[in-house]
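[1] Fold the following.
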Amino acid sequence: MRASAGSSVLNITDRESAVLNFLVQGLTNKEIGRELGISDHTVRDHISSMLKKTNTSSRVELAVKNSTTKGTR
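    Residues are numbered from 1 along each chain as shown. Now for the predicted structure:
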């Protein structure tokens, strides 16, 4: 999947961006999976990929990085 303009600052794919949008709302992997029609294991893989791409080590740090880069889009 190609990255959208909105996700280009973090260099993540459209699907990862969709996962991130639910993650910042506080949803669990299982809840995110239900919303997107994917397994919670796939959600975990997307989050793991985003953590590597953004050089972050936790969901909270990823959410904070997302909120601080929104102004630079």
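
[2] which residue sits closest to His46, ignoring its sequence neighbours?
    In this structure, His46 finds its nearest non-sequential neighbour in Val19, 4.5 Å apart by C-beta to C-beta, 6 or more residues apart in numbering. Using the backbone N, CA and C atoms, a C-beta is placed for each residue, glycine as well.

[3] Quick check: that neighbour touching Asp45?
    No - Val19 lies out of contact with Asp45 (C-beta atoms under 8 Å); the separation is 9.5 Å.

[4] Quick check on the two: which one has the bigger neighbour count.
    Legend: neighbour count by other C-beta atoms under 10 Å for Val19 and Asp45, higher for Val19 (27 against 15).

[5] for the helix or strand harbouring the more buried one, which positions count as buried?
    If you go by DSSP states H and E, Val19 is part of helix 14-23. Neighbour counts over helix 14-23 (16 or more other C-beta atoms under 10 Å) mark 15-23 as buried.

[6] In this structure, mark out all the helices, start to finish.
    14-23, 29-36, 40-54, 59-69 (DSSP state H).

[7] winner for burial among these?
    helix 14-23 (a mean of 20; mean count of other C-beta atoms under 10 Å).

[8] center of this protein - which residue?
    Leu20 (2.7 Å; C-alpha atoms, centre = their mean).

[9] quick one, what contacts the residue nearest to that residue when sequence neighbours are not counted?
    In this structure, Leu20 finds its nearest non-sequential neighbour in Asn66, 5.9 Å apart by C-beta to C-beta, 6+ apart. By C-beta atoms under 8 Å, 6 or more residues apart in numbering, Asn66 lies in contact with 10, 20, 24.
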